[in-house]
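Participant: the following block contains a protein sequence and its predicted model.
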There are 4 protein chains.
Amino acid sequence: MSRTLILVDPLPRTLDLIMEPSVRARLEALGEVVAFEDGPMPDETVEALLPDTVLILGQTAMGRERLDRAPKLRAIINVETNFLPNVDYEACAARGIPVLTPASAFAAPVAEAALGMALDLCRGITAADRAFREGIEAYGLEGNADTVRFFGADVGIIGFGDLGRTFRDLIRPFRNTVRVFDPWLPAAVIERAEARPASLDEVLSRSRVVVVFASVTAENEGFIGAREFALMQPGAAFILMSRAAVVDFPAMLDAARSGAVRVATDVFPVEPVPADDPVRTTPNLLLSAHRTGGTRDAFFEIGAMAVADAELIMRGLPPVLCRRADPATASRLRSKPVTVS
Amino acid sequence: MSRTLILVDPLPRTLDLIMEPSVRARLEALGEVVAFEDGPMPDETVEALLPDTVLILGQTAMGRERLDRAPKLRAIINVETNFLPNVDYEACAARGIPVLTPASAFAAPVAEAALGMALDLCRGITAADRAFREGIEAYGLEGNADTVRFFGADVGIIGFGDLGRTFRDLIRPFRNTVRVFDPWLPAAVIERAEARPASLDEVLSRSRVVVVFASVTAENEGFIGAREFALMQPGAAFILMSRAAVVDFPAMLDAARSGAVRVATDVFPVEPVPADDPVRTTPNLLLSAHRTGGTRDAFFEIGAMAVADAELIMRGLPPVLCRRADPATASRLRSKPVTVS
Amino acid sequence: MSRTLILVDPLPRTLDLIMEPSVRARLEALGEVVAFEDGPMPDETVEALLPDTVLILGQTAMGRERLDRAPKLRAIINVETNFLPNVDYEACAARGIPVLTPASAFAAPVAEAALGMALDLCRGITAADRAFREGIEAYGLEGNADTVRFFGADVGIIGFGDLGRTFRDLIRPFRNTVRVFDPWLPAAVIERAEARPASLDEVLSRSRVVVVFASVTAENEGFIGAREFALMQPGAAFILMSRAAVVDFPAMLDAARSGAVRVATDVFPVEPVPADDPVRTTPNLLLSAHRTGGTRDAFFEIGAMAVADAELIMRGLPPVLCRRADPATASRLRSKPVTVS
Amino acid sequence: MSRTLILVDPLPRTLDLIMEPSVRARLEALGEVVAFEDGPMPDETVEALLPDTVLILGQTAMGRERLDRAPKLRAIINVETNFLPNVDYEACAARGIPVLTPASAFAAPVAEAALGMALDLCRGITAADRAFREGIEAYGLEGNADTVRFFGADVGIIGFGDLGRTFRDLIRPFRNTVRVFDPWLPAAVIERAEARPASLDEVLSRSRVVVVFASVTAENEGFIGAREFALMQPGAAFILMSRAAVVDFPAMLDAARSGAVRVATDVFPVEPVPADDPVRTTPNLLLSAHRTGGTRDAFFEIGAMAVADAELIMRGLPPVLCRRADPATASRLRSKPVTVS
């Protein structure tokens, strides 16, 4: 007899991680949930379920042959939030099967952490606390020798997707001049956000605060290196929120160590960072262990967005919360699978 | 022969500290500037200048008798930003001499630092950096065990003058429910800022983040003590931006030490803080050495506001940037003179 | 020899109407522009061009067979801003050919006109001018017997696409409670815009001002009729900005005529409206001849958005300004071709 | 026996007009209310009450002698919202008696009406309705021959008190470049509102929309005349919200009649306007019978602000909602008493 299955293959997530009970109940109302959480769903399980599967939530490999064996499939929703190369995106498009991911689930927590880090570097918050605990604090004006006011400062944003735009919205009361470098976007998108399209060099040389949200692609690995750090203003702040691979990491540490710029980073070339890594003792550096996005409520947001769009799809309506994979660009992305949730 | 004097007696400030050259030039266009910066202006100097003085910029004692000897005086502009008890405010009012101070000069830097501290406590920024440097950092969700999202969190503001209102404006994109306790204000002022008037207990018990901007008065010394900290939610953030005397400082440190709340403070009962003060080793505490307001540009703002209002006054127009001393309340304020600039 | 053609078939638009010279120059830099503006492009011309066509700008019929004859085709950009049933949307999806339209080009002018009409109905602007010209104006409070303050009033929005969201953004300073009815959207989309998802009846019964931006679909023709107008508050304002077919037009005119509600409409069941149509003399009705969207700069916006996305597509990047046709919903839309530009 | 009297002399207002019952109850909790509403309070009544009067709400003449006979008087609150010359402001200042008025009560309704009028003139709302009723409407682009988009248009504001600033806040989502002419204000006040200080000529010549909120003073009567209208851009909008005397009214009508500018006015040299006044037939003119401020809730706001400040004053706190009369400027104001409420 025919069943209506929802195949859930969420590794490295789990259903409990990404769904509050009320959201899970809504998912279960859409069909029979079959989940495998002890690893990637075994191939034989996938194969057995495909004929009756209407939705896939997870990172299951879905090549053309598997799509052929899933005639009822209406959508694939990746819950890891990065599109992986194990899906045949063009074949999905041809079959009218949207491949989605709740990419913006982490935007709000990352953006507010980026603002926290920007204020920290500009106003010396962590540095002042450290000095105080060492008994060498300086009061009043004397304690502000290196201070930059964030209010009104020129800000540069590199990468203007969900993260960059959310950050831009959060800083609106600070009335900064905001320059954006994003070669994937037309000027109009940037201007609508009351920011100025700019070249990479212009963003780096004119900003007191630069925040990097760019994704890694085949073309932009290490595109911010020694030459680029040398363009920055003395004492400017550089905040790396996206993948470590977009910068030349040693060059970034050199820039911090020399005092030329102040740096904050949430990402590292290798995570966890080795115990003896010099990053741990680098001055002018604010360290964050890949934790700005991964708050409990951000994970719940993944599930909430996935289920809300799944509900629309099952009603024959277009999804509106998740990002759709674009066959033309999905193949350029160089995301490695996440191994630490 | 008659002169038009501007008496400048700025201790603990200096003219160079509070005025950029272009602003000073505008001051000099209003009259002959006579400044004394090596201490308070000597009495005999003051007495000699009073007959021709049109403006006082500074903290000169101005009792009734001196006012009698200053027939041309049109305004007194305090540049320390706290009204002192050495002026006869009622006599000034009777003579139509406004007593002013650019009180809001520090509002913008203090408010942005308060937001930086709020984000720091909520998202664990300084704590995470410290853990990383100690080699005990936690990644991703594990690193967010104690994290609070500032976006959407309930925020309480105690004291809703320039500082509190500027802070409220800065956090607008975060869409918090904002409760305000300020017994000097009618509900309408708070509601116009899209916040809710609330009792002290309600602010403390319902907020994830409480920021204190209240001035010290004769009535409110130590009004936030052990009882009040016990009202706060577990793990809530308490940020003290105004005078230390409004809290029971040892009770605040106890609350931090116990882990009940996370605390940030920019002020201390005694400054500089003694070398062996236990505050330096208290956990769950973010330390700032009375430095959130005293940025270089904030000091310049003092001069810019003072001169802009002086220009209006000399044209016969009302001042609009500085705060006027209100005889009815000036006497309640318990500001001690600032000794560290 | 192979050519790179851009087929332009813009009826009822013309290239001059939708593109400023600088934008047209950018289009011409993408390929050889072949335009036909004296009517729909003749079939034989289309057929001759298809083998070398990389982009279509216009409303050319593109069934499956034609797609087969256009192997280089990379995108179809409708410039009429409503998807028509003469394209095989599923076949396009299967071939990875996005079908796009700059749907939001009219959002900004329509939204500001809607606010103008809302203020007009609430504050009686047109009505007061008419009374003044008739010599029966009433001054001050007496002239405000029927006035509603828009500031703080409850506002209802029916249809929360580009138009509705732009309107919501424009009224933000008015601090209204905003309720939204849009059955195609999950609650999260509405809540992110600081509005409340609501049923149609709730929107109608609780709002002082109701604005309709809903598109016509197969299911919603005439869904606001006598029953719905009866739910509205006495004297509330009803503003119809989208297609006339979503309301029962005679019922709407009855509601205005009786004085139960005040109505503004930009659309009519038949346009141009017949000379003797009773709408012309209906009281409590503000008339606008389908002109709120069609400003000169809105038409230029069509071309600007189309060309910006065409540039991205030709670089292998995803379009970001135009709306993509969704095969699942395009077929539900009941837009009739526009006959008056 | 001593009484605590609140003298209420509200002509041309009445207590019922300006206070909702709950607000009136709060007033009565402050003292014994003695009101006279059949005209100005008779002199003998005033004289009899003065010895026990703590608050005056109204426009009672209060010269120095009367102040001498009112030893308990703590504040005078004008409820007509314009300071009159029948109070000795300097004597009040000398006695520490603030003279107040809830001047901003009308700001919100006037500002939203100004925006409604600006949108009306820019987008042709009233004109299009009139054309439609005359059977000469034009559809779509043809109906927009003279249309100006308000979004992004250059806006000029003349007079930047409560009205001007509230208007500026309302138009924020429209992202206009805003220029302000206000010779009573320093640049900083204007810049803090994200507007540009400008000369009168610059405001007139560079703006698509000019809104006048300026008060009448001894110096500025008729300061916008034929020369000034000639500076305006062809087809620009001119909106007169404040006193008629600030413009050369015939010159303004000429400018409208010639089609050079589009004009809206809420005020007239003589009110009510004579039946045969040519203003009633002037084209390009939007007429409003001094009714943009006088909404029912605006009158209630007068009472609400007055009572909230009275409560503060009776507690010994400074008032915060009403405007204080400044002796230096009160004498410059040329407000005539309001005769129509």
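Facilitator: Happy to help now that I have it. Residues are numbered from 1 along each chain as shown, chains lettered A, B, ... in the order given.

Participant: please count neighbours and contacts with C-alpha atoms only from this point.
Facilitator: Fine.

Participant: report how many residues lie close to whichever residue of the stretch 151-300 of chain A sits closest to chain C.
Facilitator: Per Cα to the nearest Cα, residue A:186 is where the stretch 151-300 of chain A lies closest to chain C, at 6.2 Å. Neighbourhood size, residue A:186 [other Cα atoms under 10 Å in any protein chain shown]: 19.

Participant: OK, contacts around it?
Facilitator: With contacts defined as Cα atoms under 8 Å, 6 or more residues apart in numbering or on different chains, residue A:186 is in contact with C:308-309, C:312.

Participant: out of those residues, flag the one nearest to chain A.
Facilitator: residue C:308 (6.2 Å).

Participant: one step back: from the contacts of residue A:186, list the ones also adjacent to chain B.
Facilitator: By Cα under 8 Å from any Cα of the partner chain, no member of those lies near chain B.

Participant: how about these in TSV, adding distance to chain A and pLDDT?
Facilitator: Below are the contacts of residue A:186 laid out as TSV (distance: Cα to the nearest Cα, whole Å; pLDDT from 0 to 100):
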residue	distance to chain A	pLDDT
C:308	6	98
C:309	8	98
C:312	8	97
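
Participant: any low-confidence regions in the stretch 1-150 of chain A?
Facilitator: A:1 (pLDDT under 70).

Participant: which residue does it bring closest to chain C?
Facilitator: For the stretch 1-150 of chain A, Cα to the nearest Cα, closest residue to chain C: residue A:94, 3.0 Å.

Participant: do I have it right that that residue meets residue C:89?
Facilitator: No. With contacts defined as Cα atoms under 8 Å, residue A:94 does not count as touching residue C:89, sitting 10.7 Å away.

Participant: which one of these two is surrounded by more residues?
Facilitator: For residue A:94 versus residue C:89, neighbours defined as other Cα under 10 Å are more numerous around residue C:89 (26 against 17).

Participant: what's the separation between that one and residue C:219?
Facilitator: 20 Å (Cα to Cα, to the nearest Å).

Participant: what of residue A:82?
Facilitator: Distance from residue A:82 to residue C:219, by Cα to Cα: 37 Å.

Participant: now do residue A:106
Facilitator: From residue A:106 to residue C:219 the distance is 36 Å (Cα to Cα).

Participant: for the stretch 51-200 of chain A, what spans make up the strands?
Facilitator: Secondary structure of the stretch 51-200 of chain A by DSSP state E, counting those that start in this stretch: the strands cover A:53-58, A:75-77, A:99-101, A:155-158, A:178-181, A:196-197.

Participant: out of the ones you listed, which is closest to residue B:242?
Facilitator: Proximity to residue B:242 (Cα to Cα) singles out strand A:155-158 among those, at 29.0 Å.

Participant: quick one: residue A:93 and residue C:94 touch, right?
Facilitator: Yes. Residue A:93 is within contact range of residue C:94, at 5.5 Å (criterion: Cα under 8 Å).

Participant: in the stretch 1-150 of chain A, which residue sits closest to chain B?
Facilitator: Distance from chain B to each residue of the stretch 1-150 of chain A (Cα to the nearest Cα) is smallest for residue A:140, at 4.2 Å.

Participant: neighbours around that residue, how many?
Facilitator: Residue A:140: 18 neighbours (other Cα under 10 Å).

Participant: from residue B:267, how far off is it?
Facilitator: Residue A:140 is 11 Å from residue B:267, by Cα to Cα.

Participant: shared neighbours of those two, anything?
Facilitator: B:289-290.

Participant: for the stretch 151-300 of chain A, which residues are neighbours of chain B?
Facilitator: Close to chain B, as judged by Cα under 8 Å from any Cα, the stretch 151-300 of chain A has residues A:151, A:169-174, A:272, A:275, A:280-281, A:286-296.

Participant: among those residues, which lie within helices?
Facilitator: A:169-170, A:296 (DSSP state H).

Participant: quick one: buried ones out of those?
Facilitator: Among these, those classed as buried by 16 or more other Cα atoms under 10 Å in any protein chain shown are A:170, A:296.

Participant: kindly reformat the ones in helices among the residues of the stretch 151-300 of chain A next to chain B as JSON lines containing distance to chain D and pLDDT.
Facilitator: Below are these laid out as JSON lines (distance: Cα to the nearest Cα, whole Å; pLDDT from 0 to 100):
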{"residue": "A:169", "distance to chain D": "13", "pLDDT": "98"}
{"residue": "A:170", "distance to chain D": "16", "pLDDT": "98"}
{"residue": "A:296", "distance to chain D": "34", "pLDDT": "95"}
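
Participant: closest one of the ones in helices among the residues of the stretch 151-300 of chain A next to chain B to residue B:119?
Facilitator: Nearest member of these to residue B:119, counting by Cα to Cα, is residue A:170, at 12.4 Å.

Participant: okay, now the spatially closest residue to that closest one that is not a sequence neighbour: neighbour count?
Facilitator: Excluding the flanking residues, the one nearest residue A:170 by Cα to Cα, 6 or more residues apart in numbering or on different chains is residue B:173, at 5.3 Å. Using other Cα under 10 Å, residue B:173 has 15 neighbouring residues.

Participant: hmm, back to that, highest neighbour count among the contacts of residue A:186?
Facilitator: Counting by other Cα under 10 Å, top hit in the contacts of residue A:186: residue C:309 with 25 neighbours.

Participant: got a list of what that one touches?
Facilitator: Residue C:309 neighbours (Cα under 8 Å, 6+ apart): A:186, C:318-322.

Participant: picking up where we left off before, okay, the contacts of residue A:186 in CSV with secondary structure next?
Facilitator: CSV is the format used below for these (DSSP: H, G, I helix; E, B strand; the rest coil):
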residue, secondary structure
C:308, helix
C:309, helix
C:312, helix
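
Participant: show me which of those residues is closest to chain D.
Facilitator: Nearest member of the contacts of residue A:186 to chain D, counting by Cα to the nearest Cα, is residue C:308, at 20.7 Å.

Participant: any idea how far the closest one is from residue B:110?
Facilitator: Distance from residue C:308 to residue B:110, by Cα to Cα: 43 Å.

Participant: and stretch A:61-71, how far from the chain's centre?
Facilitator: On the basis of Cα atoms, centre = their mean, to the nearest Å, stretch A:61-71 sits 28 Å off its chain's mean C-alpha point.

Participant: ends of that stretch, what's the gap?
Facilitator: So stretch A:61-71: terminal residues 16 Å apart, Cα to Cα.
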